[in-house]
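Student: Everything below, folded, please.
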Amino acid sequence: MVFKNMKNIVYLLLLLLGIVCCKEKVVSASVGDVEISLNVEQIFEIQKGSSQSVDQKGSYELQKVNTGNPMPDGSEDSVFSFIMKGKKDSFTISLKYENPGIYKYQLRQITEEKENYDFDDTCYSITVYITEAEKGIIPQIIVQNENGEKCGKIRFYNIYKEKKRGNDQSEDAGHREYQNKKPVKTGDLTEIDTWIFCIAAAGFVIVVLLYRRKRN
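Tutor: Numbers count the residues shown, from 1 in each chain. Down below sits the predicted model:
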């Protein structure tokens, strides 16, 4: 009887030990949360001769590819939008992960097209690998461009180039002036040629008549 009770106590202790171990394992998965940062840069080039009052604002958006991906605060409909201004500006996106996995995103510029502007339309693919290790969760970030090439930085190049309309207008004006100076062809030259022919013919007739009268 005593041996049977001891056996039951051992089973009960093993059961409690299993519950405690499972609880500790669940807690450890949530304790290893990790936060990563994506640094995005904007370079705005204004070519020489352009006006200084240039709008140097660029609009961008981060969109998750997989449902359930963590997104930054302020995201709407799986999209996080932000703005950068100036010739050289940067923006940091923070993402938090609780569980291991593979998380994919796309980052692109959505600035509206404008005259004289050339906006960078590169679409970056961002893959975040979250791996569980003994010391916690280890993140790895891989950024690729549209050609599948790995990129060390997420950078957008925008260019403003003002058209040289002044030169075009001066060329047009010079062309018009040249056209105005060219002699205008009318029917006057044709009439002069006709009169010369008539006078020459009349002179020839007079010479013939005088020659015949002299012979007679």
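Student: Below-threshold pLDDT in this structure: ranges please.
Tutor: 1-32, 50-52, 164-195, 197, 205, 208, 211, 215-216 (pLDDT under 70).
Student: Which stretches in it count as strands?
Tutor: 34-46, 57-64, 79-85, 88-97, 101-109, 117-118, 124-133, 136-144, 154-160 (DSSP state E).
Student: got CSV for those strands, with distance to Ile199 and mean neighbour count too?
Tutor: For the C-beta atoms, the positions are set from N, CA and C on the backbone; glycine is no exception. Compiled in CSV, those are given as follows (distance: least, C-beta to C-beta, whole Å; neighbours: other C-beta atoms under 10 Å):
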stretch, distance to Ile199, mean neighbour count
strand 34-46, 72, 16
strand 57-64, 80, 18
strand 79-85, 83, 15
strand 88-97, 84, 15
strand 101-109, 81, 17
strand 117-118, 70, 15
strand 124-133, 88, 16
strand 136-144, 90, 14
strand 154-160, 71, 18
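Student: JSON lines for these, including distance to Leu209?
Tutor: Shown next, in JSON lines, are the strands of the chain (distance: least, C-beta to C-beta, whole Å):
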{"stretch": "strand 34-46", "distance to Leu209": "88"}
{"stretch": "strand 57-64", "distance to Leu209": "96"}
{"stretch": "strand 79-85", "distance to Leu209": "99"}
{"stretch": "strand 88-97", "distance to Leu209": "99"}
{"stretch": "strand 101-109", "distance to Leu209": "96"}
{"stretch": "strand 117-118", "distance to Leu209": "85"}
{"stretch": "strand 124-133", "distance to Leu209": "102"}
{"stretch": "strand 136-144", "distance to Leu209": "104"}
{"stretch": "strand 154-160", "distance to Leu209": "86"}
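Student: Compare the ones you listed and give me the one nearest Phe204.
Tutor: For the strands of the chain, the distance to Phe204 is smallest for strand 117-118, at 76.0 Å, taking C-beta to C-beta.
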